[in-house]
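Chemist: Sequence first, predicted model second:
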Amino acid sequence: MGWGILLAWTSFALPHPWGWLSVPLAIVSAALPRTTGTRTGFALGLLLEAGSLVLLWSPVPPARPCTGSFEVAIEREVRAGRYEGFLRRSPDPDLLGRRVRLIAERAEVGSVVAGHGTLRAPRDPANPGGFDEARWAASTGLAGTLRLDSS
């Protein structure tokens, strides 16, 4: 059970540059003799590793701000003046259908908001080991934050 837990820990808990350690650990743990407990732990570790690989290959947010005409279908209100929804129109066709966080003065859940604005990618961590908004956004499918000039 220990190798599976170690494999899962390395794939999720280690900071981004060190996540590669989970692959050599998987190879080493596959070569070790197995009992029923280690088979279960190894299977759990491989399942969690596969989940982390799916998260790593999630769509990448735009590298630079994207300015233009946008249309967003509002899905939920995060807090006053901040919403989440899906892009229905965007200057960048690769962003269509992607989820964004919207900052707007007036919007209602279930409505479609259109206007001119700027879509910014999530920020990198300000401090070493700090919260990595860009990685979190990529794992949740969030393309960035859209601030509309007029809604």
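Modeler: Yep, it's here. Numbering: from 1, shown residues only.
Chemist: Please make it C-alpha for all contacts and neighbour counts, starting now.
Modeler: OK.
Chemist: OK, contacts around residue 132?
Modeler: 123-125 (CA atoms under 8 Å, 6 or more residues apart in numbering).
Chemist: From residue 68, how far off is residue 74?
Modeler: Distance, residue 74 to residue 68, using CA to CA, to the nearest Å: 18 Å.
Chemist: Neighbour count: these two, which is higher?
Modeler: residue 74 (22 against 14; other CA atoms under 10 Å).
Chemist: residues touching that one, list them.
Modeler: Taking CA under 8 Å, 6+ apart as the criterion, residue 74 is in contact with 83-86, 107-113.
Chemist: Low-confidence regions, this structure specifically.
Modeler: 1-63, 150-151 (pLDDT under 70).
Chemist: Strands along that one, start to end?
Modeler: Secondary structure of the chain by DSSP state E: the strands cover 66-79, 82-89, 99-103, 112-120, 142-148.
Chemist: if we can go back for a sec, between the contacts of residue 132, which sits nearest residue 137?
Modeler: residue 123 (9.5 Å; CA to CA).
Chemist: Now do the same contact list for the closest one.
Modeler: 132-134.
Chemist: change it to 7 Å
Modeler: 133-134 (CA atoms under 7 Å, 6 or more residues apart in numbering).
Chemist: please begin residue numbering at 824 from this point
Modeler: Will do, 824 is the new start, and the previous item becomes residue 946.
Chemist: ok, now how distant is it from residue 956?
Modeler: 6 Å.
Chemist: Ok, residue 934 next?
Modeler: 27 Å.
Chemist: Between the two, which has more neighbouring residues?
Modeler: Neighbours per residue (other CA under 10 Å) separate residue 934 from residue 956, with residue 956 holding more: 16 against 12.
Chemist: Was I right to think residue 926 contacts residue 972?
Modeler: No - using CA atoms under 7 Å, residue 926 is not in contact with residue 972, being 9.4 Å away.
Chemist: more crowded one of these two?
Modeler: Per other CA under 10 Å, whichever of residue 926 and residue 972 has more neighbours is residue 926, with 20 against 13.
Chemist: Mind listing what's buried along stretch 922-929?
Modeler: Residues of stretch 922-929 classed as buried by neighbour count (16 or more other CA atoms under 10 Å): 922-927.
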